[in-house]
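# sequence and predicted structure below; questions after.
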Amino acid sequence: MASKLTSLPNSLLPKNPNSHLLLPLKPNSSTATFANFATHNKPISIRCTAASTAPVSPIPATEDSEDRVFNFAAGPAILPANVLKKAQAELYNWRGSGMSVMEMSHRGKEFLSIIQKAEADLRALLNIPEDYAVLFLQGGATTQFAMIPLNLCKPDDPVDFVVTGSWGDKAFKESQKFCKPKVIWSGKSEKYTKIPSFDALEQSPDAKYLHICANETIHGVEFKDYPTPKNGILVADMSSNFCSKPVDVSKFGLIYAGAQKNVGPSGVTIVIIKKDLIGNAQETTPVMLDYKIHAENNSLYNTPPCFGIYMCGLVFEDLLAQGGLTEIERKNKKKAELLYSAIDKSNGFYRCPVEKSARSLMNVPFTLEKSDLEAEFIKEAAKEKLVQLKGHRSVGGMRASIYNAMPLAGVEKLVAFMKNFQARHA
Ligand SMILES: Cc1ncc(COP(=O)(O)O)c(C=O)c1O
């Protein structure tokens with residue numbers, strides 16, 4: 001173990017030599033004891049390799065810093081600080097059960113109460129109608145690319161795709177194995193910077209469903225309204241804008257989302273599906289890919305990602321406590337407006353390629369007019385604890401993901417940094 005640790009770069013080594021002693025070892029320690037312990041001991045800091053103490057300029061100090069950074073990653077992404085602290089306080093002994101959520105039987109009454117509350121809170125947040133099932137699955141949104149056609153189509157069934165970015169394209173390509181999909185609109189020739197006008201869509205008359213990616217995480221393109229399918233149902237990948245604003249679930253046959261952007265850690269995939277669509281899987285569908293199996297077993301057919309579901313539950317609770325999704329959307333709009341306006345008012349120093357009406361509230365891609373400065377921008381930003389700003393490898397440039405959990409202070413600090421960087425490099 002020791003030799004393994006010494007082979008890590010210095011910056012990744014725990015700064016506290018007694019860090020292995022941070023957990024209370026007494027078997028009967030109560031939650032309160034652990035909470036006290038956690039507050040009185042400085043948390044271990046695992047620093048970003050790029051972080052240094054040299055300030056670039058007068059930029060507001062990180063709020064509630066405790067060695068935390070402002071993490072602009074696209075996913076896994078930032079989680080609310082109060083949720084992390086609650087999970088920390090409950091980690092060792094969940095609400096007097098004498099064990100952590102990671103150690104519980106998924107069939108025991110404790111975990112049942114966790115998953116049931118998570119579902120109830122999500123239903124309340126999104127106002128999910130009774131005739132929709134909520135499933136907590138695994139395999140990421142990528143597994144849904146196959147699971148959806150396997151469950152909603154026969155092999156020869158036509159399906160329509162509106163492709164506004166790389167994720168929609170991936171979903172289309174995977175579905176080719178299980179049905180007969182057609183791309184009825186693609187933004188590829190315009191580098192995925194637009195949402196089409198819905199009137200112009202030539203939908204197949206007998207398509208089983210119309211698939212969209214509600215928010216393209218890489219390209220920063222978001223649907224503000226939704227097309228109405230001519231025949232079948234609307235299916236949406238909401239991985240990167242799930243629970244970022246109110247959504248009329250009744251407009252959709254199926255909504256799916258990987259949790260690791262807005263609502264929890266990776267490992268949980270949420271599916272909201274109209275109940276009458278369940279039970280028609282293709283014959284060869286593996287048991288784990290059949291919605292019917294998961295719906296009949298309340299997402300407990302096999303061992304679910306228990307800790308991830310617990311974390312999602314804490315996030316849902318927090319979103320409700322903040323006033324629900326209308327309030328969350330208000331906060332998200334404020335953050336996004338601040339950032340887009342800084343880009344648009346930079347006299348071309350920064351550019352966002354996405355058409356204004358399609359700009360995402362969650363993922364903000366931008367480039368520098370002087371592209372050779374991009375590496376320096378990312379490096380200097382990291383010194384200010386503004387991390388994970390590099391754009392996706394397929395598009396380059398920068399991307400700031402400003403999910404629900406990104407505080408306004410994080411965006412303010414980024415904008416102040418951008419202005420300062422421009423002043424020095426224009
Ligand atoms: C919009 C969107 N869809 C699908 C995926 C794939 O998700 P997963 O990695 O959970 O399979 C991602 C991942 O970033 C995404 O952003």
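On my side now, so go ahead.
# please, which helix or strand holds Phe161?
Following DSSP states H and E, one finds Phe161 within strand 158-163.
# parallel or antiparallel, list what pairs with that strand.
Next to strand 158-163 in the sheet, as set by DSSP bridges, lie strand 180-186 (parallel), strand 209-213 (parallel).
# and for Gly324, nearest residue in space, chain neighbours not counted?
Taking Cβ to Cβ, 6 or more residues apart in numbering, and ignoring the residues beside it in sequence, Gly324 has Leu125 as its nearest neighbour in space, at 6.2 Å. From N, CA and C alone the C-beta is placed, and that goes for glycine too.
# quick check: the gap between that neighbour and Thr326.
In this view, Leu125 and Thr326 are 10 Å apart by Cβ to Cβ, to the nearest Å.
# okay, these two: which has more neighbours?
When Leu125 and Thr326 are compared for neighbours, Leu125 comes out ahead with 20 against 9, by other Cβ atoms under 10 Å.
# enumerate every residue touching that one.
Counting by Cβ atoms under 8 Å, 6 or more residues apart in numbering, Leu125 makes contact with Cys243, Phe316, Leu319, Leu320, Gly324, Leu325.
# residues in contact with the fifth one?
If I follow you right, that is Gly324. Listed by Cβ under 8 Å, 6+ apart, the contact set of Gly324 reads Ala124, Leu125, Pro246.
# what helix or strand is the second one on?
What that stands for is Leu125. Here Leu125 is covered by helix 109-126, with elements defined by DSSP H and E.
# what is the mean pLDDT for that helix?
Averaging pLDDT along helix 109-126 gives 98.
# in this structure, what residue is nearest the ligand?
Gly140 (2.5 Å; Cβ to the nearest ligand atom).
# test my guess that that residue contacts Gly258.
Yes: counting by Cβ atoms under 8 Å, a contact exists between Gly140 and Gly258, whose distance comes to 5.0 Å.
# what touches both of these two?
Overlap between the contact sets of Gly140 and Gly258, as judged by Cβ under 8 Å, 6+ apart, is given by Ser266, Thr269.
# does Lys331 touch Met406 like I think?
No: between Lys331 and Met406 there is no contact, the gap being 9.5 Å when judged by Cβ under 8 Å.
# so between those two, which is more surrounded?
Neighbours per residue (other Cβ under 10 Å) separate Lys331 from Met406, with Met406 holding more: 22 against 17.
# if we ignore the residues flanking it in sequence, what's nearest that one?
For Met406, ignoring the flanking residues on the chain, the nearest one in space by Cβ to Cβ, 6+ apart is Ile78 at 5.6 Å.
# and that neighbour, which of the three is it?
Assigned state for Ile78: coil (three-state reduction, DSSP: H, G, I helix; E, B strand; the rest coil).
# rewinding a little: deepest of the strands paired with strand 158-163, which one?
Using mean count of other Cβ atoms under 10 Å, the stretch among the strands paired with strand 158-163 with the greatest mean number of neighbours is strand 209-213 (a mean of 27).
# chain center to the helix or strand that that one is followed by, what's the gap?
Per DSSP H and E, strand 209-213 leads on to strand 215-216 as the next helix or strand towards the C-terminus. Strand 215-216 has its average C-alpha position 11 Å from the chain's average C-alpha position, going by Cα atoms, centre = their mean, to the nearest Å.
# count of neighbours near Cys306?
Summarising burial for Cys306: neighbours were counted as other Cβ under 10 Å, giving 22.
# so what pLDDT did it get?
The confidence metric pLDDT takes the value 98 at Cys306.
# from His294, how far out is it?
15 Å.
# quick one on the thing from earlier: redo the strands paired with strand 158-163 as a markdown table? Include mean pLDDT and distance to the ligand.
Shown next, in a markdown table, are the strands paired with strand 158-163 (pLDDT from 0 to 100; distance: least, Cβ to the nearest ligand atom, whole Å):
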| stretch | mean pLDDT | distance to the ligand |
| --- | --- | --- |
| strand 180-186 | 98 | 16 |
| strand 209-213 | 98 | 5 |
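# output the ones you listed as a markdown table; include the columns distance to Asn151.
Supplementary listing: the strands paired with strand 158-163 in a markdown table, determined by distance: least, Cβ to Cβ, whole Å:
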| stretch | distance to Asn151 |
| --- | --- |
| strand 180-186 | 15 |
| strand 209-213 | 11 |
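# nearest to Met147 among those would be which one?
The closest approach between Met147 and any of these, judged by Cβ to Cβ, belongs to strand 209-213 at 12.6 Å.
# which stretches in the stretch 201-350 of the chain count as strands?
Per DSSP state E, counting those that start in this stretch, the stretch 201-350 of the chain carries strands over the ranges 209-213, 215-216, 221-222, 233-237, 254-258, 269-274, 350-351.
# show me the shaky parts of the chain.
Flagging of the chain using pLDDT under 70 yields the residue ranges 1-66.
# which residues in the stretch 1-150 of the chain form helices?
In chain order, the stretch 1-150 of the chain shows helices spanning 2-6, 31-40, 81-91, 109-126, 140-152, with DSSP state H, counting those that start in this stretch as the criterion.
# deepest of those, which one?
Using mean count of other Cβ under 10 Å, the stretch among the helices of the stretch 1-150 of the chain with the greatest mean number of neighbours is helix 140-152 (a mean of 23).
# and the angle for that helix with strand 233-237?
Orientation note: helix 140-152 sits at an angle of 160 degrees relative to strand 233-237 (axes from the mean of the first three to the mean of the last three Cα atoms, to 10 degrees).
# tilt between helix 140-152 and strand 254-258?
Compare the direction of helix 140-152 with that of strand 254-258 by the same axes, to 10 degrees and you get 160 degrees.
# hmm, who's touching helix 140-152?
Outside of helix 140-152, the residues that reach it under the criterion Cβ under 8 Å, 6+ apart are 137, 139, 159, 167, 170-171, 174-175, 177-179, 181, 208-209, 211, 233, 235, 237, 239, 253-254, 256-258, 266, 269, 271, 277-278, 280-282, 285, 289-291.
# same thing with stretch 111-120?
Residues contacting stretch 111-120 (Cβ under 8 Å, 6+ apart): 101, 104-105, 134, 136, 298-300, 304, 306, 309-310, 312-313, 316-317.
# neighbour-wise, give me the winner out of the residues you listed.
The most neighbours of any of the contacts of stretch 111-120, using other Cβ under 10 Å, belong to Cys312, which has 28 neighbours.
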